[in-house]
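J.: Pasted the sequence and its predicted model underneath.
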Amino acid sequence: MKICSACLLGIKCRYDGKSRPNQQILALAGKEILIPVCPEQLGGLPTPRTPSEQKGSRVISKDGKDVTKNFRRGAETVLQLARILGVQEAILKQRSPSCGHGQIYDGSFSSSIIEGNGITTRLLKENGIKVITEEDL
């Protein structure tokens, strides 16, 4: 059993109201239990929503709103679900300000990528949960 970014399973929860289904993950879902999560929604943000990127320790939406609290609340909820269910691994969406692992957008909204982890990824890793991305499959 693994936690999985809901957008990768075809659930329309991305900032733009769309999904990003991944065929390898959909095939994996036929073999094992994947628990869909969207940290942004769990943190109280709507879908669709203004895109956000990490800028230092904060998460800022493209219109300048600080949404760090929402991202942290969502990450904490994902961690709580993982603990309740005994999940030790997560497959999360690369480059997302919540789910990115090793790569995130740089906060300039210019599609520039830097090294870093999303808010949820960081929290899960700090708590001993292995995180991979759809690109690692």
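T.: Good, I have the coordinates. Numbers count the residues shown, from 1 in each chain.
J.: Contact partners for the spatially most central residue of the chain?
T.: Against the mean C-alpha coordinate of the chain, by Cα atoms, centre = their mean, the closest residue is Cys99 at 2.7 Å. Residues near Cys99 by Cβ atoms under 8 Å, 6 or more residues apart in numbering: 5, 39, 92-93, 118, 120-121, 133. C-beta coordinates here come from the backbone N, C-alpha and C atoms, glycine included.
J.: where's it relative to Asn70, distance?
T.: Separation of Cys99 from Asn70 (Cβ to Cβ, to the nearest Å): 14 Å.
J.: Repeat that for Pro39.
T.: The gap separating Pro39 from Asn70 is 9 Å, by Cβ to Cβ.
J.: Could you verify my assumption that Leu85 touches Leu34?
T.: No: counting by Cβ atoms under 8 Å, Leu85 does not reach Leu34; the two are 11.6 Å apart.
J.: Who has more neighbours out of the two?
T.: Leu34 (21 against 13; other Cβ atoms under 10 Å).
J.: Name the residue most distant from the centre of the protein?
T.: Here the chain reaches farthest from its C-alpha mean at Lys31, the gap being 22.1 Å by Cα atoms, centre = their mean.
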